[in-house]
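Q: Coordinates for the following, if possible.
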Amino acid sequence: MAVVEVSITPLGTASTSVSPYVAGCVKIVRESGLNFQLTPMGTIIEGDIDEILRLIRCMHESPFAAGAVRVSTLIKIDDRRDKPHSMAGKLKSVKDKIAG
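A: Residues are numbered from 1 along each chain as shown. Here you go, the predicted model:
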């Protein structure tokens, strides 16, 4: 399973606000059924890497469909295959080390 952070930023719009474009991308993630977490600087998604990459392609196209003329997409992938891997598990691992 992969944990992927993605940040999609529209450029060349009439406003400095990006929240309408972010909302469009989040709707696409929500409809995918994948587990995700919205953060102030991006969205974290967990699941099958192929499914996530297809999803990111749809998310990348969303600002164009909403009128942006340029889109910058940053992707960070943590793809672990030796044991189960999740957002919650990564957080628990760090918290256990802080407490202990």
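
Q: Give the buried residues for stretch 28-46.
A: Buried positions in stretch 28-46, judged by neighbour count with 16 or more other C-beta atoms under 10 Å: 28-29, 32, 36, 42-46. (C-beta placed from N, C-alpha, C; glycine too.)

Q: Give me the subset of the residues you listed that lies in strands.
A: Per DSSP state E, strands hold the following members of those: 36, 42-46.

Q: quick one: which two of these are the most distant?
A: Gly42 and Glu46 (13.6 Å; C-beta to C-beta).

Q: Tell me the bridge partners for Thr39.
A: Gly42 (DSSP bridges).

Q: Could you measure from it over to Met87?
A: The gap separating Thr39 from Met87 is 11 Å, by C-beta to C-beta, to the nearest Å.

Q: repeat for Ser32
A: In terms of C-beta to C-beta, Ser32 sits 15 Å off from Met87.

Q: any idea which of the buried residues of stretch 28-46 is the one closest to Cys58?
A: Nearest member of the buried residues of stretch 28-46 to Cys58, counting by C-beta to C-beta, is Ile28, at 5.3 Å.

Q: what's that closest one in contact with, if anything?
A: If you count contacts by C-beta atoms under 8 Å, 6 or more residues apart in numbering, Ile28 has them with 55, 58-59, 62.

Q: Return the helix or strand in this structure with minimum mean pLDDT.
A: In the chain, the helix or strand scored least confidently by mean pLDDT, DSSP states H and E is helix 87-99, which has a mean of 92.
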